[in-house]
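Enquirer: What shape does this take:
(one chain, ligands or ions: 1)
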Amino acid sequence: MPQLIVNEIFHSIQGESTWAGVPMVFVRLTGCPLRCTWCDTTYSFHEGRARSFDEVLAEVAAYGCRTVEVTGGEPLAQQACYSFLAALADAGYTVLLETAGSHDLSPVDPRVHAIMDLKCPGSGEERHNRWSNLEHLKPERDELKFVIADRADYEWAKAKVAEHELGKRVKAILFSPVFGKLEYETLSRWMLDDRLPPPVRFQVQMHKHIWHPSTRGV
Ligand code: SF4
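Expert: Residues are numbered from 1 along each chain as shown. The predicted model follows:
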C-alpha cells in the first residue's frame with residue numbers, strides 16, 4: 001500500500017497565492033532537500049511519520065472540506081506524492097500543490113493547481129531552480145512565486161519575468177516579501193515605481209496576520 005511521510009494535516013485559511021482567504025485542508029509532507037535562508041517551516045525537515053494513502057485520505061475527508069493543498073517541506077521530494085495528488089483529484093477534491101520548483105513538475109496530474117517558487121539569490125538556493133519546469137506550467141491555473149528578501153532579489157525577479165516571458169506561462173506571478181525582513185511598503189513602492197503589469201501581484205502571507213507568525217498548524 002502506498003505511503004507518505006506526513007508532518008501534519010490541518011484545516012485553515014489559505015494565506016498565499018490567488019487562493020488567499022479560502023478555507024482548505026493542508027497536508028504537509030516531511031522533508032526538503034533545500035535550506036532557504038528564510039525558511040519558516042524548518043520543523044517539516046525531519047518531523048513526521050509514515051502513513052498510508054487511505055489513512056491520509058480518511059483524515060482529509062473528516063474535515064468535510066473539498067479543497068486540499070499539499071505542501072511541505074518539498075512535497076515532490078517524496079515520489080509517492082505524484083500518485084497522492086492524482087488520488088486526491090480522483091476523489092473529487094480541488095487540489096493545490098505548493099512546490100519549491102526543484103523537482104520535476106511534468107508527472108503532476110493536470111487537474112492540480114501548482115504554485116511554484118522560483119528561488120531568488122537571497123534564499124541561498126537559486127541553483128535548485130529547475131528551469132525546465134517552466135515548460136510544464138499551465139497558464140490557466142498555475143502560479144509562480146518569488147519570495148523577495150531585498151532589492152537584489154527584486155531586480156532578479158523582475159529580470160526573470162521578462163527573460164522567460166513568465167506572464168504568458170501562469171495566471172499569477174506573486175511577489176512576496178520575506179516576512180520580518182523586507183517591509184511591505186518598500187516592495188510595494190518598487191512595484192509601483194516600475195509599473196509592473198499583471199499578472200505580477202504583491203502578496204502578504206495572510207495567515208501570519210490572522211494568527212501569531214510562529215503559530216503552527218495554520
Ligand atoms: S523549499 Fe520551502 S521548505 Fe524547503 S527550505 Fe525552502 S522554504 Fe523551507
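Enquirer: In this protein, where's the longest helix?
Expert: Taking DSSP state H as the criterion, the chain has its longest helix at helix 151-163.
Enquirer: So which elements touch that one?
Expert: Secondary-structure packing of helix 151-163 (3 or more C-beta pairs under 8 Å, 6 or more residues apart in numbering; DSSP states H and E): strand 143-148, strand 172-177, helix 184-193. For the C-beta atoms, the positions are set from N, CA and C on the backbone; glycine is no exception.
Enquirer: deepest of these, which one?
Expert: Neighbour counts (mean count of other C-beta atoms under 10 Å) averaged over each of the helices and strands packed on helix 151-163 peak at strand 143-148, with a mean of 26.
Enquirer: Which parts of this protein are strands?
Expert: All strands of the chain, identified by DSSP state E, fall at 3-13, 23-29, 49-52, 67-71, 94-99, 113-117, 143-148, 172-177, 200-202.
Enquirer: Strand partners (parallel or antiparallel) of the longest one?
Expert: Based on DSSP bridges, the pairing partners of strand 3-13 within the sheet are strand 23-29 (antiparallel), strand 49-52 (antiparallel).
Enquirer: Leaving out sequence neighbours, find the closest residue to the residue most central in space within the chain.
Expert: Centroid check for the chain by C-alpha atoms, centre = their mean gives residue 98 as the closest residue, at 2.8 Å. Distances taken as C-beta to C-beta, 6 or more residues apart in numbering place residue 71 nearest to residue 98, at 4.1 Å, with adjacent residues excluded.
Enquirer: Can you check the pLDDT for the one you found?
Expert: At residue 71, the model reports a pLDDT of 98.
Enquirer: how about the residues of the protein near the ligand?
Expert: Contact residues, the chain versus the ligand (C-beta under 6 Å from any ligand atom): 32, 34, 35, 36, 39, 41, 72, 73, 74, 100.
Enquirer: Off-centre distance for the worst-scoring helix or strand of the chain on mean pLDDT?
Expert: Lowest mean confidence among the helices and strands of the chain (mean pLDDT, DSSP states H and E): helix 207-210, at a mean of 91. Offset of helix 207-210 from its chain centre (C-alpha atoms, centre = their mean, to the nearest Å): 16 Å.
Enquirer: what does stretch 85-104 give?
Expert: Relative to its chain's centre, stretch 85-104 lies at 11 Å (C-alpha atoms, centre = their mean).
Enquirer: ok, back up a step: from the strands of the chain, which stretch is densest packed?
Expert: strand 143-148 (a mean of 26).
Enquirer: now the angle from that strand to strand 113-117?
Expert: 20 degrees (axes from the mean of the first three to the mean of the last three C-alpha atoms, to 10 degrees).
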